[in-house]
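> Generate coordinates for the sequence data below:
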Amino acid sequence: MSKSPLADDAVRGLTDERMRAVVADHWEWTMWWAPQWATTLGDHRYDDRLAPRDAKAIEQYHRERKALLAKLGAISPLELGDADHMAWLLLVASLHAAGAADAARAHEWWVSSRGGLVDEISYLVEMHPAGEGASLCARLRDAAGWIDQTIANLAIGLHYKRVAPKEAVRRAIVQLDGLLDTPTKTWAMSGSARAEHLEILAIVDELIAPKLRALRDFLRDRVLPVGRTGAAEGLCGMKGGEHMYRGYVEAHVGNGMSPDQIHALGLREIARTDDAIATLGATLFGAPDRAATIARLREDRALYFSAGAAIVSTAAEALARAKAAIPRFFGRLPVADCVMREIPAHEAPYTTIAYYREPHYDGTKPGEYFVNTYKPEVRPRFELEALTYHESIPGHHLQIAIAQELTDLPMFRKLGGSTAYIEGWALYTETLADEMGLYSSDLDRLGMHSYDAWRASRLVVDTGIHAKGWTRAQAEQFMLEHTALTPENISNEVDRYITDPGQALAYMVGKLAILELRKLAEDALGSRFDIRAFHDVILRDGALTLPVLSMRVGTWLRESGGDLSMHVHDHDHDHHH
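Coordinates of the predicted model:
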């Protein structure tokens, strides 16, 4: 097998021969197991295949992961120079995070209507390079195999009494029913816009559709009747669930906090956002308390959009204001632009309110901020600005585009990274945007606080469901009382926390870690503190784990002659506050 066209980039900046060898092996391993990602990066060696998902392949994946960890374990990080030492720390953390799913054996029970097989197979067609019909068709045949492998894996889970929550299964069946009730030629995965449409359609029609029907029947007849319900919907309702959940928390948050500590942190943050919402509600609406403010935000139709065009123009104006303001707050700016797009109609009813897609690594496509204009009357005006700053600038686009453009880092550091850092940064920028003067009114500022409350409530709700036996209804009720999200949105959000344990914790924990480091820097440097320099330090190393980020900021402060004496003990003593 020829080597990756990105092989040189994969080990960029590393000087230790042993580290270069392990990082090169890790890159090859990543490309082999994530061939679709390889395609989007311009590595076309595996364009005609998908990674297998049967039980034997999953065992092989974890064996190879452990072998990479063993190779890293044979290198003493203390003998390494700075760049190699950082790579060692981050690669070890990344491989341990990948092992969390190993402990949870998610492939044997995970079922979801979001990001499930239907979405994955549809996206294959969308992301495949034009003129590559033969390899796309080969991939679609492999995707038909995925469906068989999924059924076989779920059957193993059933045997060991590991099974998905009933409601997640019900939603997946509704999604499959909806698809199977329409002609295959109208499916997104049929690639109607592609030259090889007829060949694709034949594969979808003869191979994929019958297997999806078999999956639907299996979910309906075998899994649904025994799905987890009530207080058992979270991971704590499964044998070994407590251990599984700790693995997910470590993978997504990665700073050693326990579910109990995170739950308590969430309650403290909710108390803060409750106050902020009540205070602004009194000023804006003359509302007597938080509950009245939230009711007004939910029920006053004048606070919602009436047309899709208004959503696009409001978001575009916010993005333009942010672009104009960033030079005052950031030294380094990305070369890649960020542009606005509407979420495609076929996807809009089933997806989130907005999302970001990073620029293509080879520079052929800018960063894209997608906004949902479906049913404008359910989209609040007061949340759109905070959402825009989070998803585009100064949030995801600034961080991800700058990371991609760092020339002296290995690929895994430019393109991967810790959820707590990536989402923590984007959430931090929602508040930073206020400092930058980007919110157009107090109403938009109230949206910022409501979004903060949403992320704080996740700390309480995610741990409540998976560690404390909360029911779905209990989780929804908590969010109804403390955030301004609509009931429909809350129902989808809680479903997401149930089916994707621990991921939603990363946002607020990451934001608080960045704020804590900023306070440390402001105290240590005093009048010499420069916000641009601080942001450049946070963004100059790719998406770090929280412990490594803390180490980097400490090093920068020492090099800048900051006075750390009075803070260090405090900081170490209460790292989760």
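
> quick one: low-confidence parts of the stretch 1-150 of the chain?
Regions of the stretch 1-150 of the chain meeting the criterion pLDDT under 70 are absent.

> Assess the claim that residue 558 and residue 564 are in contact.
Yes - the pair residue 558 and residue 564 qualifies as a contact (CB atoms under 8 Å) at a distance of 6.7 Å. C-beta here means a position set from N, CA and C on the backbone, and glycine is covered the same way.

> what ranges do the strands span in the stretch 101-250 of the chain?
For the stretch 101-250 of the chain, applying DSSP state E, counting those that start in this stretch gives no strands.

> follow-up on the earlier one: who has more neighbours, residue 558 and residue 564?
Shown here are residue 558 and residue 564; by other CB atoms under 10 Å, residue 564 has more neighbours (16 against 11).

> For residue 321, which residues are in contact?
Shown in contact with residue 321 (CB atoms under 8 Å, 6 or more residues apart in numbering): residue 438.

> Tell me how far the one helix or strand it maps to lies from the chain's centre.
Under the criterion of DSSP states H and E, residue 321 resides in helix 308-325. Here the centre of helix 308-325 is set off from its chain's centre by 23 Å, with CA atoms, centre = their mean, to the nearest Å.

> looking at this, residue 369 is in a strand?
Yes - under DSSP: H, G, I helix; E, B strand; the rest coil, residue 369 falls within a strand.

> So it sits against residue 315, correct?
Yes - between residue 369 and residue 315 a contact is recorded at 7.4 Å, counting by CB under 8 Å.

> More neighbours: which of the two?
residue 369 (26 against 23).

> So, low pLDDT: which residues of this protein?
346, 565-577.

> What distance do you get for the residue most central in space within it to residue 12?
Central residue of the chain (CA atoms, centre = their mean): residue 419, 6.3 Å from the mean position. Separation of residue 419 from residue 12 (CB to CB, to the nearest Å): 24 Å.

> What of residue 341?
Taking CB to CB, one finds residue 341 at 31 Å from residue 12.

> okay, the two: which has more neighbours?
residue 12 (18 against 11).

> isn't that one right next to residue 406, touching?
No - here residue 12 does not reach residue 406: they are 9.1 Å apart, not a contact under CB under 8 Å.

> picking up where we left off before, could you name every residue contacting both of residue 369 and residue 315?
Common neighbours of residue 369 and residue 315 (CB under 8 Å, 6+ apart) are 340, 388.

> how does the protein divide into domains?
7-239, 251-507 (automatic domain parsing).

> closest to residue 554 out of the ones you listed?
Ranking the domains of the chain by proximity to residue 554 (CB to CB) places domain 7-239 first, at 13.6 Å.

> ok so, going back, how far off strand 367-371 does the helix holding residue 321 point, in degrees?
Orientation of helix 308-325 against strand 367-371 (axes from the mean of the first three to the mean of the last three CA atoms, to 10 degrees) gives an angle of 140 degrees.

> What pairs with whatever helix or strand comes next after helix 308-325, parallel or antiparallel?
The element immediately downstream of helix 308-325 (helix or strand, assigned by DSSP H and E) is strand 338-342. The strands beside strand 338-342 in its sheet (DSSP bridges) come out as strand 367-371 (parallel).

> which residues touch the partner strand?
Here strand 367-371 has contacts from 311-312, 315, 319, 334, 336-343, 353-359, 384, 387-388, 391-392, 396-397, 400-401, using CB under 8 Å, 6+ apart.

> out of those, which are buried?
Buried residues within those, defined by neighbour count using 16 or more other CB atoms under 10 Å: 311-312, 315, 319, 334, 336, 338, 340, 343, 353-354, 356-359, 384, 387-388, 391-392, 396-397, 400-401.

> Now do the phi/psi pair for the closest residue to residue 363 other than its chain neighbours.
Distances taken as CB to CB, 6 or more residues apart in numbering put residue 336 closest to residue 363, at 7.2 Å, once the chain neighbours are dropped. Taking degrees, to the nearest 10, you get phi -70, psi 140 for the backbone angles of residue 336.

> can you give me the helices for the stretch 451-577 of the chain?
Taking DSSP state H, counting those that start in this stretch, the helices of the stretch 451-577 of the chain run over residues 472-482, 487-499, 506-525, 531-539, 546-559, 565-573.

> any idea which residue of this structure is furthest from its center?
Most remote from the centre of the chain, using CA atoms, centre = their mean: residue 286, at 37.3 Å.

> Please list all residues in contact with it.
No contacts exist for residue 286 under CB under 8 Å, 6+ apart.

> again with the one 4 residues further on
Residue 290 makes contact with 274, 277-278, 281, 482, according to CB under 8 Å, 6+ apart.

> looking at it, residue 384 is touching residue 451, isn't it?
No - using CB under 8 Å as the test, residue 384 is too far from residue 451 to be in contact (10.6 Å).

> Could I get the contacting residues of residue 489?
residue 353.

> ok, it to residue 329 distance?
Counting by CB to CB, the gap from residue 489 to residue 329 is 31 Å.

> cool, and residue 155?
Applying CB to CB to residue 155 and residue 329 gives a distance of 54 Å.

> and if you look at residue 36?
Residue 36 is 36 Å from residue 329, by CB to CB.

> go on, residue 134?
Distance from residue 134 to residue 329, by CB to CB: 49 Å.

> try residue 436
In terms of CB to CB, residue 436 sits 6 Å off from residue 329.

> okay, and the common contacts of these two?
Shared contacts of residue 436 and residue 329 (CB under 8 Å, 6+ apart): residue 394.

> Could you check how many residues crowd around the residue lying closest to residue 488 once chain neighbours are set aside?
Among residues not flanking residue 488 along the chain, residue 378 sits closest, at 6.9 Å (CB to CB, 6+ apart). Residue 378 has 13 neighbours, counted by other CB under 10 Å.

> ok, residue 378 touching residue 485?
No - using CB under 8 Å as the test, residue 378 is too far from residue 485 to be in contact (10.8 Å).

> number of nearby residues for the nearest residue to residue 148 once chain neighbours are set aside?
Of all residues not flanking residue 148 in the chain, residue 211 sits nearest, at 6.4 Å (CB to CB, 6+ apart). When neighbours are defined as other CB under 10 Å, residue 211 has 18 of them.

> same thing with the one 3 residues further on?
Residue 214 has 13 neighbouring residues, counting by other CB under 10 Å.

> what's it in contact with, if anything?
147, 151.

> still on that earlier bit, which one of residue 134 and residue 329 is surrounded by more residues?
residue 329 (17 against 12).

> one step back: looking at the contacts of residue 290, which is nearest residue 56?
Using CB to CB, those come closest to residue 56 at residue 482, 46.1 Å.

> I figured that closest one hits residue 450, correct?
No - applying CB under 8 Å as the test, residue 482 and residue 450 come out as separate, 9.4 Å apart.

> Please identify every residue contacting each of these two.
Shared contacts of residue 482 and residue 450, counting by CB under 8 Å, 6+ apart, come down to residue 273.
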